[in-house]
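> I would like to see how this sequence folds:
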Amino acid sequence: MAIQPESGIVIVGAGCFGLSTAYHLLRRGYTKITVLDRSPVLPAPEAASTDINKIVRSCYADIFYSKLARDAIAKWKNATEWADCYRESGVLVLLTGEGSYGDLALVNDRALGARTVLLPAGSTNTVPSDPSSPALPPVVQNLLQDKSGYINEDSGWVHSSRAVELLIDKVKSLGGNILPGKAVAHLIKDPHGKTNGVKCADESEYKADCVVLAAGAWTASAFPELDLEETCVATAQVVGKIQLTPEEAQAYRANPVYLDLDSGFYMFPPNDQDVVKCAVHAAGFTYRPTSTSASTPIFLKPPNEKDTSHGHFETAVPKAALQELRAGLANTFPALADKPWAGARMCWYTDSADEDWVIGFHPRDPGVMLATAGSGHALKFLPNIGSLVADAMEGKMDAELVRKFALDRAKNDVPVSRPGKEQSELDLSDIVSSE
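The predicted structure is shown next:
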């Protein structure tokens, strides 16, 4: 089922997928776009996209995402559209020389002309693609005594919650209707079983020619009748933040984002408030209220209201996860390993087994367009991911991509960025505050 510019579209979820889809549809001339979100406050504090920063990298083992990321980065760099959200700090990716995800990413980055700096193990020498590249800070060189890596200088990080705020404004300015506090209770079906609208918990109804489900980590559990759990699994990643003094921050200011896909540990350089964020890129935690439930987000501490507008949503987190973050700091930036946490949170994603997104009409319901399974790497594509969804809705998506993003696809054979790690069911007795 392809849609037309006069079609009524209801988008469930005002996060990365939902807002970007609304934006691109409006840019294509659609006039009846309504975005609903369960959160009474937007950007939604609990959403994965509402955070102080997210990595923006073209360092992918799958060249499709490398190309799409480079297109997104070109858009991020347009200050007229995205202000100063994007910071081109560079991204340091560790290598094994054995065909790892990072090794394949380097091949793709080079093939696409990215500026790269090779970092041989045990050496402080660099091999920049651009002779004018600045010298690397010593703290980065000290990380590579027994590892090799490369820096993609065309990558960095983005102030994600600020970017979402900007996109909300863009959607509204183009005539989109964004309604917070609208938790969708269920889909409305026509006599033939095709979805033609939604009903919210407050009993309000919104009819539509197409309903786009972009509800993030709530997608599978909120719509159990669609049987999404096998492909779209809600998983929680733990992130921690450390407040540095201005003097401490200066020592790390010139660092690239550090990304070790073997251990999973990654860390950002300080942001404008001298806060560094770190996390472990792992399979994460699931939470199923019953043995037959789909995994669904749970938060055991309310948001810190004074910080919400800056993307600082804090929750209690598993004690073991904080210990893993401490270990990662001790192995990389030991001077920070014992500093107190300024905050931590459970960041809930929707993961697919192969890390490809799910974009396409539901195979049993042509009234439902799925736009989900960000798998922890969608926010960097905020400027252009909605174009893919709009293409799918209009029946214009390349056939190869239709297969790649189908709900009922075969798993692809590209290496995933989180190999060898299994999801753990959240143990509520192990939950602690970071304070």
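
> in the chain, which helix or strand is least confident?
Lowest mean confidence among the helices and strands of the chain (mean pLDDT, DSSP states H and E): strand 127-128, at a mean of 54.

> using the three-state scheme, assign the residue of the chain positioned farthest from its centre.
For the chain, the C-alpha farthest from the mean C-alpha position belongs to Pro191; by C-alpha atoms, centre = their mean, that distance is 37.2 Å. Taking DSSP: H, G, I helix; E, B strand; the rest coil as the rule, one finds Pro191 in the coil state.

> pLDDT wise, what is it at?
Per-residue pLDDT puts Pro191 at 95.

> ditto for Tyr30
pLDDT recorded at Tyr30 is 98.

> again, but for His310
His310 is assigned a predicted lDDT (pLDDT) of 43.

> how about Leu136?
pLDDT, read off for Leu136, is 61.

> next one: Asp427
On the pLDDT scale, Asp427 is placed at 88.

> try Val402
With respect to pLDDT, Val402 scores 98.

> just give me how far the helix or strand where it lies sits from the chain centre.
Using DSSP states H and E, the element containing Val402 is helix 399-405. Centroid displacement of helix 399-405 relative to its chain, using C-alpha atoms, centre = their mean, to the nearest Å, is 21 Å.

> okay, buried residues for stretch 278-289 please.
Across stretch 278-289, burial judged by 16 or more other C-beta atoms under 10 Å covers Cys278, Ala279, Val280, His281, Ala282, Ala283, Gly284, Phe285, Thr286, Tyr287, Arg288. Every residue, glycine included, has its C-beta placed from N, CA and C.

> let me redo that: stretch 377-390
Buried residues in stretch 377-390, counted by 16+ other C-beta under 10 Å: 377-390.

> which of these sits closest to Lys75?
Within those, distances to Lys75 taken as C-beta to C-beta reach their minimum at Pro383, with 3.8 Å.

> can you tell me the SS state at the closest residue to the closest one other than its chain neighbours?
Spatial nearest neighbour of Pro383, chain neighbours left out: Lys75 (3.8 Å); criterion: C-beta to C-beta, 6 or more residues apart in numbering. The three-state label given to Lys75 by three-state DSSP is helix.

> and Leu388, what does it touch?
With contacts taken as C-beta atoms under 8 Å, 6 or more residues apart in numbering, Leu388 has the following neighbours: Ile359, Met397, Leu401, Phe405.

> direction included, what does the helix or strand hosting the first one pair against?
Assigned by DSSP H and E, Ile359 belongs to strand 358-362. Note on strand 358-362: by DSSP bridges, its sheet partners are strand 365-372 (antiparallel).

> hmm, back to that, and the buried residues of stretch 377-390, which two are furthest apart?
Pairwise over the buried residues of stretch 377-390, using C-beta to C-beta, the maximum falls at His377 and Ala390, 20.0 Å.

> got any ranges where the stretch 101-250 of the chain has weak pLDDT?
Within the stretch 101-250 of the chain, the stretches with pLDDT under 70 are 123-142.

> can you give me the strands in it?
Here the stretch 101-250 of the chain has its strands, by DSSP state E, counting those that start in this stretch, at 116-119, 127-128, 148-152, 156-158, 177-179, 184-189, 195-200, 205-207, 210-213, 233-243.

> can I get those strands in a markdown table including distance to Gly97?
Below are the strands of the stretch 101-250 of the chain laid out as a markdown table (distance: least, C-beta to C-beta, whole Å):
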| stretch | distance to Gly97 |
| --- | --- |
| strand 116-119 | 12 |
| strand 127-128 | 15 |
| strand 148-152 | 7 |
| strand 156-158 | 25 |
| strand 177-179 | 48 |
| strand 184-189 | 49 |
| strand 195-200 | 50 |
| strand 205-207 | 54 |
| strand 210-213 | 42 |
| strand 233-243 | 28 |
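
> His192: neighbour count?
For His192, the count of nearby residues is 8 (other C-beta atoms under 10 Å).

> ok, so what distance separates Val414 from Asn108?
In this view, Val414 and Asn108 are 11 Å apart by C-beta to C-beta, to the nearest Å.
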